[in-house]
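>>> my questions concern the predicted model and sequence given below.
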Amino acid sequence: MNASSNAAGGEPLSKEEINGLPMLAYEGEVMLVQTEGEMARALNFLKKETLLGFDTESRPSFKKGKSYPTSLIQLAGSELVVLIRLNLTPFCEALAGLLADPGVIKAGVAIRDDMRALQKLHEFTPAGLADLAEMAKQRGIKAQGLRTLAAQPDILLLDEPFSALDYQTRLSVCDDVYNIIRSEKKTAILVTHDISEAISVADRIFVLSARPAKVVAAHELLFGNAVPLRRRESPQFSKWFELLWKELNV
C-alpha cells in the first residue's frame, strides 16, 4: 500500500511512508521582526496575501501547570516568511488587524488555541481561520497533527544556524532552539566555528582538524539540563573553552 492510498483510506501514515514522500525546501526570504519598523515593513507585505501559513511558539515549560505567554508568531506568505518576536516587539494594532482580517486566510493546526493565547496579549477578534486538523477530521483522516503530515527525521542537521544573527539575538534564539530540541526529544548535529556556542548547547563535542578534516578529539559535556545562557555562567565553561582552543590550534 502506498502513502497516497493510506491517506485516502483515513489511516495514519507511518514514519517510513512520510519520509518516502518528496521533500520541498522553501527558498524565499525570511524576515526576523524585532523592532516596530521591521513590523511595519513585514505587515505591508503580508496584508497583500490571501493565504498565510500560521503558527506560534512559546517558551517550553518543564513543570506541570506552568506555562508561558506566546513569544513568537510565524506567518508564511508566497514569497516571504515572517518571524515576529513578541518579547521584543509590541503587539500592535496593525498586527491585530491582520489576524482579524477575514480576507486573509490564516492556516494552521490547532489555530484557535493559538489565537486564544494571543488574545491574552492584545484584544482582537480572529477571523479567516483554517484549521488543518479540523479539515482532516472532517475528511476522515485519523492523523490530524502537523507532525504526522511532514517528515519526522530522527536526526537534525544544523549547519551554523545562528551565524547571521547579531550577538544578543543569537544568545536568545540559541536558548529557544535548545529547549525545543529537548522538549521534542530530537538528536541534533550542530556544525559551528564558534567555540562558545558549541560548549553552550552540546552534550558531546567532536573537534575537527583543517581539511582534509579528521576527528582530533571527542568530549562529553556534563552540564545537566542547564540552558545555553546558564552554561556560559558555569565555572566549567572557561575550562572547556581553553581546552578546545588548544585542540583547534594544535
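In hand now; what should we look at?
>>> so what are the sheet partners of whichever strand or helix holds Ser71 and their directions?
Using DSSP states H and E, Ser71 sits in strand 70-76. As defined by DSSP bridges, the strand partners of strand 70-76 come to strand 51-58 (antiparallel), strand 80-85 (antiparallel).
>>> who touches the longest helix along the chain?
When the chain is parsed with DSSP state H, its longest helix is helix 167-183. Contact partners of helix 167-183, identified using C-beta atoms under 8 Å, 6 or more residues apart in numbering, comprise 32, 34, 57, 59-60, 62, 71-72, 156, 158, 161-162, 165, 188, 197, 200-201, 225, 227-229. Any C-beta I mention is one placed from the backbone N, CA and C, and that applies to glycine too.
>>> now render the strands paired with strand 70-76 as CSV, adding mean neighbour count, distance to Cys92 and mean pLDDT.
Converted to CSV, those look like this (neighbours: other C-beta atoms under 10 Å; distance: least, C-beta to C-beta, whole Å; pLDDT from 0 to 100):
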stretch, mean neighbour count, distance to Cys92, mean pLDDT
strand 51-58, 19, 16, 90
strand 80-85, 20, 10, 93
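>>> ranges for the strands of this protein?
29-33, 51-58, 70-76, 80-85, 105-108, 129-131, 155-159, 187-191, 204-208, 215-220 (DSSP state E).
>>> a markdown table please, covering these and showing distance to Glu17.
Shown next, in a markdown table, are the strands of the chain (distance: least, C-beta to C-beta, whole Å):
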| stretch | distance to Glu17 |
| --- | --- |
| strand 29-33 | 29 |
| strand 51-58 | 23 |
| strand 70-76 | 25 |
| strand 80-85 | 27 |
| strand 105-108 | 23 |
| strand 129-131 | 24 |
| strand 155-159 | 19 |
| strand 187-191 | 21 |
| strand 204-208 | 32 |
| strand 215-220 | 35 |
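>>> weakest of these by average pLDDT?
Among those, strand 155-159 carries the lowest mean pLDDT, a mean of 74.
>>> that one packs against which elements?
strand 187-191 (3 or more C-beta pairs under 8 Å, 6 or more residues apart in numbering; DSSP states H and E).
>>> enumerate the positions of the strand it packs on that are buried.
Neighbour-count burial for strand 187-191, with 16 or more other C-beta atoms under 10 Å as criterion, is recorded at Ala188, Leu190.
>>> likewise for stretch 36-43?
So for stretch 36-43, counting by 16+ other C-beta under 10 Å, buried means Glu38, Met39, Ala42, Leu43.
>>> for it, which outside residues touch it?
If you take C-beta under 8 Å, 6+ apart as the criterion, stretch 36-43 is touched by 31-33, 75, 80, 82, 84, 89-90, 92, 94-95, 98.
>>> next one: stretch 207-219
Under C-beta under 8 Å, 6+ apart, the answer for stretch 207-219 is Arg204, Ile205, Phe206, Trp240, Leu243, Leu244, Glu247, Leu248, Val250.
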